[in-house]
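In: Here is a sequence with its predicted model. Questions after.
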Amino acid sequence: MLLVNVKKVLLIVGLSIGASISSAETAPEDPWEGYNRTMSSFNDTLDKYALKPLAEGYDYVTPSPVQRGVGNFFNNLGEVGNITNNLLQGKWDETAASTFRFLINSTAGFLGIFDVASEMGLKREPEDFGQTLGYWGVGSGPYLVLPFLGPSTVRDATGTAVDYFNYDPIELLDPTTNEYWSAKALEIVQIRSKLLSSERLIFGDRYSFIRDVYLQSRNAAIYDGEVGGQPAKVSNEEEGSWDEESDDSWGEDDSWGDDDSWGDESSWGDEEFGDEEAVN
């Protein structure tokens, strides 16, 4: 029950991305639509009667600064996965940024409660293992709605399992203890509470809208914002061949000095959603 809609949480985080990408039909690969619609309805029912009421209560009684601190704390734990997956993708600047964020916020930020790194211009670089698989050219496979976890694909479901058992520091706790389940419950409820207002963005057929936005937002994440493009690894290789043919390919001033690789004023907005890792 405590795991209900974790993927839905991540999905609705992506609604703001999807809304700016396109609201048109994307005709995604969905050969299991019958099953997926049934499971989506099941998850929505659990959310309606369990998770959403808890999130609304949490949002009502918890002051915004406290909610922000809780979100920052879990974001900081998520940096472990960000570091690993950025490293696996060969994104050295992002790996360094995530590493410094974790070290700074874990110390000067009092275990991540305060996001000191963002004040210093180090923005979050969220990555998960599903994105890593996509980066290296692994296809998404069919769209798949998971019980309790919500929207996914065959590839992302595999990535979720790897992230859950390898990159989540909470998993270091004994799952038979109250501390473990309390931490899990707080993380999920806190993230869900930040998405209450986002649900109004859903229109038309709920299932189709959520499916299309999920797939678009995942493409945006894997392709670093270039929806429908080639995986980042392929694009990098193509750019390398172009560099060999073009004498002035290294002459652009922003090839090394892009401020966005380290800091962005919008990084403060990340804390409103908690990560990660993108729900139902």
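Out: The structure has been received and is ready for your questions.
In: now the strands: where do they sit in the protein?
Out: For the chain, the strands defined by DSSP state E cover 143-146, 150-153.
In: Each with direction, which strands does the first one pair with?
Out: Looking back up the chat, that one is strand 143-146. With DSSP bridges as the test, strand 143-146 is paired with strand 150-153 (antiparallel).
In: Please identify the deepest-packed of the strands of the chain.
Out: Highest mean neighbour count of the strands of the chain: strand 150-153, a mean of 26 (counted as mean count of other CB atoms under 10 Å). The way it works is simple: take the backbone N, C-alpha and C, and place the C-beta from them, glycine included.
In: Could you export that one as CSV, CA atoms only?
Out: Extracted in CSV, the C-alpha atoms of strand 150-153 (Å, rounded to 0.1, in the frame of the first residue of the first chain):
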residue,chain,number,x,y,z
GLY,A,150,1.7,2.8,-12.4
PRO,A,151,3.0,4.0,-15.9
SER,A,152,6.1,2.3,-17.2
THR,A,153,7.6,0.4,-20.1
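In: So that it lines up with my notes, have the first residue be 33 from now on.
Out: Will do, 33 is the new start, and the previous item becomes strand 182-185.
In: Residue 88 is nearest to which of the strands of the chain?
Out: Ranking the strands of the chain by proximity to residue 88 (CB to CB) places strand 182-185 first, at 18.8 Å.
In: hmm, back to that, dump the strands of the chain to CSV, plus distance to residue 140.
Out: Below are these laid out as CSV (distance: least, CB to CB, whole Å):
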stretch, distance to residue 140
strand 175-178, 38
strand 182-185, 35
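In: so can I have CSV of those showing mean pLDDT?
Out: Supplementary listing: the strands of the chain in CSV, determined by pLDDT from 0 to 100:
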stretch, mean pLDDT
strand 175-178, 96
strand 182-185, 95
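In: Residue 207 is nearest to which of those strands?
Out: The minimum distance between residue 207 and these falls on strand 175-178, with 19.5 Å, by CB to CB.
In: returning to what we had before: and the strands of the chain: which comes nearest residue 142?
Out: The nearest among the strands of the chain, by CB to CB, is strand 182-185 at 32.5 Å.
In: To residue 111, which of the strands of the chain lies closest?
Out: strand 182-185 (22.8 Å).
In: just to revisit the earlier point, out of the strands of the chain, which comes closest to residue 136?
Out: strand 182-185 (32.4 Å).
In: Could you pull out the helices in the stretch 133-282 of the chain for me?
Out: Ranges of helices in the stretch 133-282 of the chain, per DSSP state H, counting those that start in this stretch, are 148-151, 161-167, 186-198, 210-225, 238-254, 264-277.
In: which residues touch stretch 204-211?
Out: Identification of contacts with stretch 204-211 by CB atoms under 8 Å, 6 or more residues apart in numbering yields 212-213, 215.
In: switch to 6 Å and redo it
Out: Here stretch 204-211 makes contact (CB atoms under 6 Å, 6 or more residues apart in numbering) with residue 212.
In: From the chain's centroid, how far away is it?
Out: Distance, stretch centre to chain centre, for stretch 204-211: 24 Å (CA atoms, centre = their mean, to the nearest Å).
In: any idea of the mean pLDDT in it?
Out: In this model, stretch 204-211 has a mean pLDDT of 84.
In: One more: stretch 225-242?
Out: Stretch 225-242 comes out at a mean pLDDT of 87.
In: dump the residue contacts of residue 91.
Out: Counting by CB under 6 Å, 6+ apart, residue 91 touches residue 225.
In: Longest helix in the protein, please.
Out: As assigned by DSSP state H, the longest helix anywhere in the chain is helix 96-120.
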